[in-house]
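K.L.:
prediction below, plus the sequence it came from.
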Amino acid sequence: MTADGKPGAAGTVAVLGAGSWGTTFAKILADAAIAAGTPRVIRLWGRRAGVVEEINNCHRNSEYLKDIVLPESITASTDVRAVLAEADLVVLAVPAQSLRPQLREWKDMIAPGAVVVSLMKGLELGTDARMSEVIAQELDLPLERIAVVSGPNLAMEIAREEPTASVVACADSATAGWLARTCTAPYFRPYTTADVVGVEIGGIVKNVIALAVGICEGKQMGDNTKASVITRGLAETSRLALALGGEAKTMAGLAGLGDLVATCSSALSRNHTAGRLLGQGLTLEEVGRKMTQTAEGIKSGQAVHELAGKLGVDMPITAAVVAVLAGKLSVDQLGPVLLSRELKPEGDY
């Protein structure tokens, strides 16, 4: 932060999490700096030495991004303290359910005045807290220093530099604008909003809906079925977001409809893939062994269901997916259960 409390230039960036999206966002930040002619140091923290060594020595993260070449300004380390040293921008890209204990370890390593950004799309089990809420609680940060990036952000497509739009959400418009400028690359165009709640809920619930669409695909159901689930899934997402104070226009934008369509339609989506495997008859344990990355909807679905119950929000698709994950409903019963609901006007949210 500068003397007037506004963000200064992001000269040093720490990205915590060297999976597909964390590594891709590091690439975005590096390419944005190159395009702007601005020097920028970008450090990635990864748990595994092999991933870190490949990034440093070969400028690749082949496990997550195949043969994508990373800018040389990106370095990696397993030493989180070294990665965080004097970073004025801290980007969090770790599994949602591990965030709170990790922040407790990292709190004293984060530079005073740093802006903290969440790339995570999950709801914490047990507390039903959004990731920005966990960050605020554990780091004692004001809301103007916490931002969220979300949207139709399939990592591999962005890493291949296919044109993508996204949303930067922060309660403070100056911080949102600063972060948007910081991550504007030739292939990555961010918009800004103050609706942090709506952006996060859109990113959370779409994972659960993508599981449902994947199950439909695994059962070899057609496009009519999938389109119906996506559309009613957006209605569920909107109901929950509005109940929490989010805005309807966010649900019609990139972080709502855009992210939902991408996640429910793409084979690159982890949640869609997990649902498809469940629909093909694999058990939850078999799906976990088959996938190398976390499908957040499997972890967050129960938390979404619990939060909806507390708020009295009707979310039948979410409830059905959670029942499948808990073994209380078979994938064969999913469609009939949803179709047996009471008839009502479509616009009754």
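P.N.:
Received it, and whenever you're ready, just let me know what you need.
K.L.:
now the strands: where do they sit in the stretch 101-250 of the chain?
P.N.:
115-118, 146-150, 164-170, 188-193 (DSSP state E, counting those that start in this stretch).
K.L.:
for the longest one, the averaged confidence score.
P.N.:
It stands for strand 164-170. Average pLDDT, strand 164-170: 98.
K.L.:
next, the buried residues of it.
P.N.:
Across strand 164-170, burial judged by 16 or more other CB atoms under 10 Å covers 164, 166, 167, 168, 169, 170. No exception for glycine: its C-beta is placed from N, CA and C like everyone else's.
K.L.:
the closest residue to the first one other than its chain neighbours - how many residues pack around it?
P.N.:
Counting by CB to CB, 6 or more residues apart in numbering, the nearest residue to residue 164 once its immediate chain neighbours are dropped is residue 158, at 5.1 Å. When counting by other CB atoms under 10 Å, one arrives at 24 neighbours for residue 158.
K.L.:
shaky segments in the stretch 201-349 of the chain?
P.N.:
347-349 (pLDDT under 70).
K.L.:
before we move on, what about the stretch 51-200 of the chain?
P.N.:
Going by pLDDT under 70, which is the cut-off in play, the stretch 51-200 of the chain has no low-confidence ranges.
K.L.:
now the helices for it?
P.N.:
62-65, 80-84, 99-106, 131-139, 155-159, 173-182, 196-218 (DSSP state H, counting those that start in this stretch).
K.L.:
would you list those in JSON lines and tack on distance to residue 332?
P.N.:
What follows is these, written out as JSON lines (distance: least, CB to CB, whole Å):
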{"stretch": "helix 62-65", "distance to residue 332": "34"}
{"stretch": "helix 80-84", "distance to residue 332": "45"}
{"stretch": "helix 99-106", "distance to residue 332": "35"}
{"stretch": "helix 131-139", "distance to residue 332": "34"}
{"stretch": "helix 155-159", "distance to residue 332": "32"}
{"stretch": "helix 173-182", "distance to residue 332": "45"}
{"stretch": "helix 196-218", "distance to residue 332": "10"}
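K.L.:
those: which one's closest to residue 39?
P.N.:
Smallest distance to residue 39 across the helices of the stretch 51-200 of the chain (CB to CB): 13.0 Å, for helix 173-182.
K.L.:
the strands of the stretch 101-250 of the chain: which one's closest to residue 181?
P.N.:
Using CB to CB and comparing these, the one that lies nearest residue 181 is strand 188-193, at 8.6 Å.
K.L.:
and the closest one with strand 164-170, angle?
P.N.:
With axes from the mean of the first three to the mean of the last three CA atoms, to 10 degrees applied, the angle from strand 188-193 to strand 164-170 works out at 30 degrees.
K.L.:
angle of strand 188-193 against helix 196-218?
P.N.:
With the same axes, to 10 degrees applied, the angle from strand 188-193 to helix 196-218 works out at 130 degrees.
K.L.:
show me which residues of strand 188-193 are buried.
P.N.:
Those would be 188, 190, 192, 193, for strand 188-193 by 16+ other CB under 10 Å.
K.L.:
for these, which one is nearest residue 25?
P.N.:
Among these, and counting by CB to CB, the member closest to residue 25 is residue 188, at 9.1 Å.
K.L.:
for the residue nearest to the closest one when sequence neighbours are not counted, what is the enclosing helix or strand?
P.N.:
In this structure, residue 188 finds its nearest non-sequential neighbour in residue 28, 5.0 Å apart by CB to CB, 6+ apart. Taking DSSP states H and E as the definition, residue 28 sits inside helix 20-36.
K.L.:
in its sheet, what does the next helix or strand after that helix sit against?
P.N.:
Next along the chain after helix 20-36, taking DSSP H and E as the criterion, comes strand 41-45. Counting by DSSP bridges, the strands paired with strand 41-45 are strand 12-16 (parallel), strand 74-77 (parallel).
K.L.:
hey, which of those is tucked in deepest?
P.N.:
strand 12-16 (a mean of 26; mean count of other CB atoms under 10 Å).
K.L.:
what lies in contact with that strand?
P.N.:
22-23, 25-26, 29, 40-45, 80, 83-94, 102, 106 (CB atoms under 8 Å, 6 or more residues apart in numbering).
K.L.:
is residue 100 in contact with residue 122, as I believe?
P.N.:
No - judged on CB atoms under 8 Å, residue 100 makes no contact with residue 122 at a distance of 11.4 Å.
K.L.:
ok, those two, which is more surrounded?
P.N.:
Taking neighbours as other CB under 10 Å, residue 100 and residue 122 compare with residue 122 leading, 27 against 17.
K.L.:
the helix holding residue 28: which residues count as buried?
P.N.:
For helix 20-36, the neighbour count (16+ other CB under 10 Å) marks 20-33 as buried.
K.L.:
show me what it is packed up against.
P.N.:
Helices and strands touching helix 20-36, by 3 or more CB pairs under 8 Å, 6 or more residues apart in numbering; DSSP states H and E, are strand 12-16, strand 41-45, helix 62-65, strand 74-77, strand 89-92, helix 155-159, strand 188-193.
K.L.:
neighbouring strands - and their directions - for the fifth one?
P.N.:
Based on DSSP bridges, the strands next to strand 89-92 in the sheet, each with its direction, are strand 12-16 (parallel), strand 115-118 (parallel).
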